Each structure stands twice: as C-alpha cells, then as structure tokens.
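starting from these lines, generate the structure:
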Amino acid sequence: MTIKVTDIRKGMVIIYEGDLYLITDFEHHTPGNLRAVNQLKMKNLKSGATSEKRLSSSTVVERAYLDPKKCQFLYQDKTHGAYVFMDLETFEQYEIQADVVGDKMVYVKENQEVTVTFYEGQALAIELPPTVILEVAYAEGAARGNTVNNNFKLAKTETGLELKVPNFIETGEQIKVSTETGEFQGRAKG
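Numbers count the residues shown, from 1 in each chain. Next up is the predicted model:
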C-alpha cells in the first residue's frame with residue numbers, strides 16, 4: 001500500500017529504495033515561503049544502519065506490513081548454524097540464520113518465548129523482553145574478606161553470556177540480566 005510522506009509516523013516500517021526502514025523520527029518543516037520538507041530518521045532493518053532523508057510532501061512510499069508471531073526457541077541446528085523456533089499458534093517451525101538474530105541469542109534459553117517479526121514470510125528480527133533470568137554457569141572466586149566494597153567479578157551464564165556480577169553471586173544462582181545493556185540487574189526472586 002502506498003502512502004504520502006506526510007502520512008508517515010514514528011514507528012512505521014516503509015519500503016524505500018528497495019529496503020525496509022523503521023522510522024525512528026519524523027519532522028515536517030515549512031520554512032517561510034518555501035516548500036514543505038519532511039525530515040526522516042530511518043533505520044535499515046537489514047543492515048541496522050541509520051540514515052536521515054529529506055523528502056518533499058508529494059513523495060510517495062510503500063508501507064510495509066510486518067507480521068509479529070509469538071515463537072518458542074527450540075534448539076540450534078549445528079549443521080546449518082541456524083536457530084529453530086516454533087510458532088506457538090500453528091506449531092510451524094522456522095529456521096532463522098545467525099545473521100538475523102545477531103548477538104541476541106546469548107539472552108535466550110531453550111523453550112523460552114520470544115516475538116519473531118516476519119515480512120512476506122521471511123524472519124527479520126527477534127524481540128526480547130527488557131530483562132531475562134539466566135543461571136550462572138561459572139563465577140570467579142571472590143577475594144576473601146572483600147564483600148563490603150562494590151567490587152565485581154566475571155561470570156558466565158548458561159547461554160554463554162559473559163558479564164560482571166557482584167562478588168556475592170555464586171555458580172548456580174539465577175540472576176536478572178538487561179537485554180539492552182547486558183548488565184547484571186539483580187538476583188532473580190523465586
């Protein structure tokens with residue numbers, strides 16, 4: 001479906017010059033007696049690169065309709081290097097290549113639910129919750145008597161994520177981790 005540039009809003013996904021772009025910011029300028037100009041900040045959904053474009057109000061672009069699906073991560077196919085997800089409604093399985101999911105898989109455990117965004121049947125990205133609970137598979141030993149200071153040590157989770165944790169965290173504990181920053185958020189309650 002084609003729309004005028006003036007109908008574009010923040011958060012929309014459009015097709016521009018053959019690529020999918022997420023609109024991250026939109027401004028409409030009318031400088032005095034001159035023609036109106038639309039300033040777009042866009043993120044290429046394939047490459048992740050951001051750019052700014054100035055388009056006239058008469059420009060027409062195509063709006064892309066994305067299909068988000070709740071899926072469950074099943075396993076990684078070691079032979080193809082792909083990750084296998086299952087649609088929770090239809091039970092259809094999808095193989096998603098490592099370059100699509102990027103480095104997000106260090107936050108995803110087997111059988112965990114995520115949202116997979118599709119465009120014309122092809123997976124574009126996975127969306128994670130703001131925080132996840134992971135088990136510490138390995139934690140360095142803390143310096144003896146150094147429990148009062150705000151010191152951190154290196155730990156590795158069950159998914160392979162390496163991060164700094166406070167000295168009191170031990171191997172086998174459940175911790176909350178931010179999926180945006182990769183930082184320790186606290187012990188998991190439970």
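
which ones are touching Lys69?
Listed by CB atoms under 8 Å, 6 or more residues apart in numbering, the contact set of Lys69 reads Asp87, Leu88, Glu89, Thr115, Val116, Thr117, Phe118. Just so you know, the C-beta spots here come from the backbone N, C-alpha and C atoms, and that holds for glycine as well.

just want the most central residue of the chain.
Using CA atoms, centre = their mean, the residue of the chain that lies closest to the mean C-alpha position is Glu127, 4.7 Å off.

that one: what's it in contact with?
Residues in contact with Glu127 (CB under 8 Å, 6+ apart) are Pro68, Val114, Thr115, Val116, Thr117.

ok, now with 7 Å
The contact partners of Glu127, by CB atoms under 7 Å, 6 or more residues apart in numbering, come to Val114, Thr115, Thr117.

buried among those residues? Make that a PyMOL selection.
PyMOL command restricting those to the buried ones, with burial defined by 16 or more other CB atoms under 10 Å:
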select buried, resi 114+117
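
show me the contacts of Glu127 that map onto strands.
Val114, Thr115, Thr117 (DSSP state E).

report how many residues lie close to Ile133.
By other CB atoms under 10 Å, the residues close to Ile133 number 17.

that one contacts Gln174, correct?
Yes: using CB atoms under 7 Å, Ile133 is in contact with Gln174, at 5.5 Å.

list residues touching both of those two?
In contact with both Ile133 and Gln174: Ala188, using CB under 7 Å, 6+ apart.

okay, the residue lying closest to Leu45 once chain neighbours are set aside: pLDDT?
Nearest residue to Leu45, sequence neighbours excluded (CB to CB, 6 or more residues apart in numbering): Leu20, at 4.3 Å. pLDDT for Leu20: 89.

which strands or helices does whichever strand or helix holds Leu20 pack on?
Secondary structure from DSSP states H and E places Leu20 in strand 19-29. When contacts are defined as 3 or more CB pairs under 7 Å, 6 or more residues apart in numbering; DSSP states H and E, strand 19-29 packs onto strand 13-16, strand 37-44.

columns mean neighbour count on top of those strands, output as TSV?
TSV is the format used below for the helices and strands packed on strand 19-29 (neighbours: other CB atoms under 10 Å):
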stretch	mean neighbour count
strand 13-16	18
strand 37-44	17
